[in-house]
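**Student:** need a 3D model of the following:
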Amino acid sequence: MFYSRQRVLLISGLFMVAAAVCCFWPSGHSATAAGSPGPAGDEIAIYHLDPDRRGGKAYKMVYCVKAPLEVYWNFKTDFDNDFLVNNRYIRRHLFISRDGNIVITENKYTTGPDVFYRWQTTVLPEAHRLDFTLINPQSCGQRFHYGFIQMEPVEEGTRVTQVAYFDFLGASLWADYPWGGGMRDFLAYTARWEQEMVLRLKDRYSGKNTE
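**Tutor:** Below is the predicted model:
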């Protein structure tokens, strides 16, 4: 009973990001200083960061998508989309509203609390950056969850850097759990899913302005 309850609590925080759907875990990479160079090609990197002053855990993830910055930006800023539910962890995705550069979306996940996670994303087109925060953390069993996604053009396509800070019961155990069901496993799937989805939808987002 203890293990089952703890597992549910741990994975309840996985889904920040659907948002953000985004990150990669490199096999054989260990925690490194935040200023370390990012990967190229298909390499994936994740770094542990100092947490929020309130506690919890934090990470920085860096990876490349084989699509031009414009295409990837259009993909990431298409908040009213029909493709996120193709991710095996996302059961429902709803576009709620947009007021200027502030977007509200909701996701319900296949694992964790049976509630909608409501995300607020601030779109910064000149910087090619998205700032996100979970605005109903208590309903989702979390204390807080926020971060950003930064994009930049590179020879391989687009380099993506995501930083997130979060806290929930069992966050440290989930973040350090090295097997299936832990953070690394979840992020690896989500990131590779995104890589494939961007390529599949490349024509849809070429030359399209979704801002």
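**Student:** which residues of this structure fall in strands?
**Tutor:** With DSSP state E, the ranges of strands along the chain come out as 44-48, 57-65, 90-99, 102-109, 117-124, 129-134, 142-154, 157-168.
**Student:** reformat the ones you listed as a markdown table; add distance to M183, mean pLDDT and mean neighbour count.
**Tutor:** Glycine gets a C-beta too; all of them are placed from N, C-alpha and C. Converted to a markdown table, the strands of the chain look like this (distance: least, Cβ to Cβ, whole Å; pLDDT from 0 to 100; neighbours: other Cβ atoms under 10 Å):
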| stretch | distance to M183 | mean pLDDT | mean neighbour count |
| --- | --- | --- | --- |
| strand 44-48 | 9 | 81 | 20 |
| strand 57-65 | 8 | 89 | 23 |
| strand 90-99 | 17 | 97 | 14 |
| strand 102-109 | 14 | 97 | 19 |
| strand 117-124 | 16 | 98 | 20 |
| strand 129-134 | 16 | 98 | 21 |
| strand 142-154 | 13 | 97 | 18 |
| strand 157-168 | 10 | 94 | 22 |
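**Student:** mind putting those into a markdown table with distance to R184?
**Tutor:** Formatted as a markdown table, those follow (distance: least, Cβ to Cβ, whole Å):
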| stretch | distance to R184 |
| --- | --- |
| strand 44-48 | 7 |
| strand 57-65 | 10 |
| strand 90-99 | 19 |
| strand 102-109 | 18 |
| strand 117-124 | 21 |
| strand 129-134 | 21 |
| strand 142-154 | 17 |
| strand 157-168 | 14 |
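**Student:** and E194, which of the ones you listed is closest to it?
**Tutor:** E194 sits nearest to strand 57-65 of all these, at 7.3 Å, using Cβ to Cβ.
**Student:** look up how far K57 lies from A45.
**Tutor:** 17 Å (Cβ to Cβ, to the nearest Å).
**Student:** that older thread, between the strands of the chain, which gets nearest to W179?
**Tutor:** strand 44-48 (15.7 Å).
**Student:** off-centre distance for the closest one?
**Tutor:** 13 Å (Cα atoms, centre = their mean, to the nearest Å).
**Student:** so what sits opposite E106 in the bridge?
**Tutor:** With DSSP bridges applied, E106 shows beta-bridge pairing to L94, R118.
**Student:** kindly apply the preceding question to V123 instead.
**Tutor:** L130.
**Student:** I'd assumed T77 was in contact with it.
**Tutor:** Yes: counting by Cβ atoms under 8 Å, T77 is a contact partner of V123 at 6.0 Å.
**Student:** longest single helix anywhere in the chain?
**Tutor:** helix 183-200 (DSSP state H).
**Student:** okay, that helix in CSV with CA atoms only?
**Tutor:** This file holds the C-alpha atoms of helix 183-200, laid out as CSV (Å, rounded to 0.1, in the frame of the first residue of the first chain):
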residue,chain,number,x,y,z
MET,A,183,11.6,11.9,-14.1
ARG,A,184,14.4,10.8,-16.5
ASP,A,185,12.2,8.1,-18.1
PHE,A,186,9.3,10.4,-18.5
LEU,A,187,11.3,13.3,-19.9
ALA,A,188,13.1,11.0,-22.4
TYR,A,189,9.9,9.8,-23.8
THR,A,190,8.3,13.2,-24.0
ALA,A,191,11.3,14.8,-25.7
ARG,A,192,11.7,12.1,-28.3
TRP,A,193,8.0,12.2,-29.0
GLU,A,194,8.3,15.9,-29.6
GLN,A,195,11.3,15.5,-31.9
GLU,A,196,9.3,13.1,-34.1
MET,A,197,6.1,15.2,-34.0
VAL,A,198,7.9,18.4,-35.1
LEU,A,199,9.3,16.6,-38.1
ARG,A,200,5.9,15.0,-38.9
